[in-house]
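*Asks:* got a predicted model here, sequence first, then my questions.
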Amino acid sequence: EEDYNLDGLADIIRIQVRVPLATNDSVKGVTAMMFFQYTLQNKVRLQMESMAYVAQYRGTSTSSLFVIGDLRMYQRYPIAVRGPRTVYNAPIFNASSLQSLSDFNLNQILSNYVSRNETTVLEASYFTWSQTPSSTNSFSLSVELRIPPQQIIYQPDTWETLKFGWIQYLATLVFVWFFVSLARDFVYRNQIFRTRIIHDNLKPHYF
């Protein structure tokens with residue numbers, strides 16, 4: 001991880017994977033799932049396990065794949081701010097339950113993941129393959145994930161809603177009071193409406 005702006009949060013995550021190959025092995029495609037512990041603080045408090053998914057295929061044998069892109073959070077609906085949200089703070093799939101490779105159901109894992117309200121996705125991604133023979137007879141996967149700033153939509157609590165509504169009420173009240181005062185002074189100063197002053201025991205005087 002790298003923190004360029006020194007705010008205590010990761011700006012770039014770099015992942016390097018090297019897979020040894022047998023003499024007759026070759027790699028023509030890559031499917032990779034990278035898991036992260038994703039945390040939001042301050043106004044919205046959230047903890048979840050998220051994922052970045054890469055699936056690239058090529059017709060010829062390759063020795064390495066370089067991936068670069070943005071890791072962004074995606075949400076279907078606003079997040080409530082009533083306490084920490086940890087509903088997705090669990091492993092996306094349980095590797096210890098796999099008895100064999102046939103037990104690994106990628107379609108089911110992806111289907112369960114995308115049905116969540118909060119996920120992370122790899123966007124603005126670019127891929128570069130290399131056919132340079134490896135001296136160690138291995139395949140290399142390099143991933144560079146950039147984490148840009150983004151807006152999070154949330155549902156405010158009751159206190160924040162009342163505070164915002166009170167501010168809007170005061171702003172509207174000052175605006176209305178100002179123009180009502182101008183209109184009142186204009187009416188009185190220019191005597192637009194006929195008025196009269198009545199004193200006890202005196203005849204009314206019209207103006």
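*Replies:* All right, it came through fine. Numbering: from 1, shown residues only.
*Asks:* C-alpha from now on. contacts and neighbour counts both.
*Replies:* Noted.
*Asks:* now the one helix or strand Asn107 maps to: average pLDDT?
*Replies:* Assigned by DSSP states H and E, Asn107 falls within helix 106-114. The average pLDDT within helix 106-114 is 92.
*Asks:* where does pLDDT dip in the chain?
*Replies:* In the predicted model of the chain, residues 133-135, 158-162, 164, 166, 188, 191-207 satisfy pLDDT under 70.
*Asks:* all helices of it, in order?
*Replies:* Assigned helices in the chain, in chain order: 106-114, 158-190 (criterion: DSSP state H).
*Asks:* pull the residues that contact the shortest one.
*Replies:* Applying CA atoms under 8 Å, 6 or more residues apart in numbering, the set of residues contacting helix 106-114 from outside is 92-93, 119.
*Asks:* quick check: buried residues in that helix?
*Replies:* When neighbours are counted by 16 or more other CA atoms under 10 Å, the buried residues of helix 106-114 are found to be Tyr113.
*Asks:* now that helix - C-alpha only, CSV.
*Replies:* The C-alpha coordinates for helix 106-114 follow below in CSV (Å, rounded to 0.1, in the frame of the first residue of the first chain):
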residue,chain,number,x,y,z
LEU,A,106,-17.4,-19.3,-9.3
ASN,A,107,-20.8,-18.4,-10.7
GLN,A,108,-22.4,-18.7,-7.3
ILE,A,109,-19.8,-16.7,-5.6
LEU,A,110,-20.1,-13.8,-8.1
SER,A,111,-23.9,-14.0,-8.0
ASN,A,112,-23.9,-13.7,-4.2
TYR,A,113,-21.4,-10.9,-4.3
VAL,A,114,-23.1,-8.6,-6.9
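*Asks:* which residue is nearest the centroid of the chain?
*Replies:* Centroid-nearest residue in the chain: Met73, 4.0 Å away (criterion: CA atoms, centre = their mean).
*Asks:* ok, back up a step: now the helix holding Asn107, how far from the chain's geometric center?
*Replies:* With CA atoms, centre = their mean, to the nearest Å as the basis, helix 106-114 stands 20 Å off its chain's centre.
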